[in-house]
Every structure is written in structure tokens, then in C-alpha cells.
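> no letters, just coordinates:
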């Protein structure tokens with residue numbers, strides 16, 4: 001069972017805000033220099049508002065709401081991998097697979113990086 005499948009089964013939702021709530025993870029929005037778009041530590045996800053401000057006005061995955069879901073899913077993936085995945089495989093590749101499957105993305109999550117690296 002993949003990490004995303006386990007999370008969906010465990011929390012009964014694909015909604016990242018609800019999943020975080022059910023996992024006991026608080027989400028906060030802060031502003032810092034654009035060196036990262038999100039951070040996490042046990043029980044907490046920080047979303048960088050500076051990254052969200054770079055979002056497109058278009059609807060879809062590149063809107064503010066779409067990018068917010070991607071960032072939260074990514075950080076949640078790190079937290080769940082640390083909790084559920086034995087060994088040291090808490091890699092970015094594992095987390096990207098989690099995000100893509102959880103959100104049913106039609107593209108690799110790394111495609112969003114172009115927005116905040118411009």
C-alpha cells in the first residue's frame with residue numbers, strides 16, 4: 001500500500017486541510033524569504049505566503065488555492081513518511097509520489113517550482 005493510499009484510508013479524506021486536522025497537524029501561514037515554500041515539524045506545517053503570492057490568477061493547480069494544497073500535501077507527506085515509513089526512505093521522491101497520488105495530479109509536483117523560482 002502506498003503512503004497516499006494509507007493516508008486516505010487512515011483519515012477518510014483526500015482533502016489536505018481535513019487530513020492535517022485529523023492527523024493532529026496545525027497549519028500556519030507565515031512570510032519569509034523565498035528559500036522554501038513550506039516547512040514542517042511534528043504537529044505543524046508552515047506555508048510561505050510569499051510563494052502563494054506568486055500564484056497565477058488562473059484557476060486550477062497554479063492558482064493560490066491549488067499551490068496551497070500542493071505545499072500542504074508535500075509537508076504532510078514528510079510528516080506521515082517519518083511516522084509510517086520504516087527505514088530512511090523519507091526522500092523527496094517518496095513525498096512527490098505521495099502528493100501526485102493524493103491530489104491526483106496530471107503532472108509532477110516539481111512543475112510548480114517554476115512559479116517561485118522566476
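Ah, there it is. Being a predicted model, the structure only gives us computed values, none of them experimental.
> got a list of what the closest residue to residue 107 other than its chain neighbours touches?
Nearest non-adjacent residue to residue 107, counting by C-beta to C-beta, 6 or more residues apart in numbering: residue 61, 7.5 Å away. In this view, the C-beta of every residue, glycine as well, is placed from N, C-alpha and C. Residues near residue 61 by C-beta atoms under 8 Å, 6 or more residues apart in numbering: 67, 70, 105, 107, 112.
> closest to residue 97 out of those residues?
residue 105 (10.4 Å; C-beta to C-beta).
> can you get me a residue count around the closest one?
18 (other C-beta atoms under 10 Å).
> quick one: which helix or strand includes it?
Counting by DSSP states H and E, no helix or strand carries residue 105.
> that one and residue 42, how far apart?
Taking C-beta to C-beta, to the nearest Å as the measure, residue 105 falls 26 Å from residue 42.
> and stretch 30-46, which residues are buried?
37-40, 45-46 (16 or more other C-beta atoms under 10 Å).
> which stretch of helix or strand covers the residue nearest to residue 7 when sequence neighbours are not counted?
Of all residues not flanking residue 7 in the chain, residue 80 sits nearest, at 5.7 Å (C-beta to C-beta, 6+ apart). If you go by DSSP H and E, residue 80 is part of helix 64-84.
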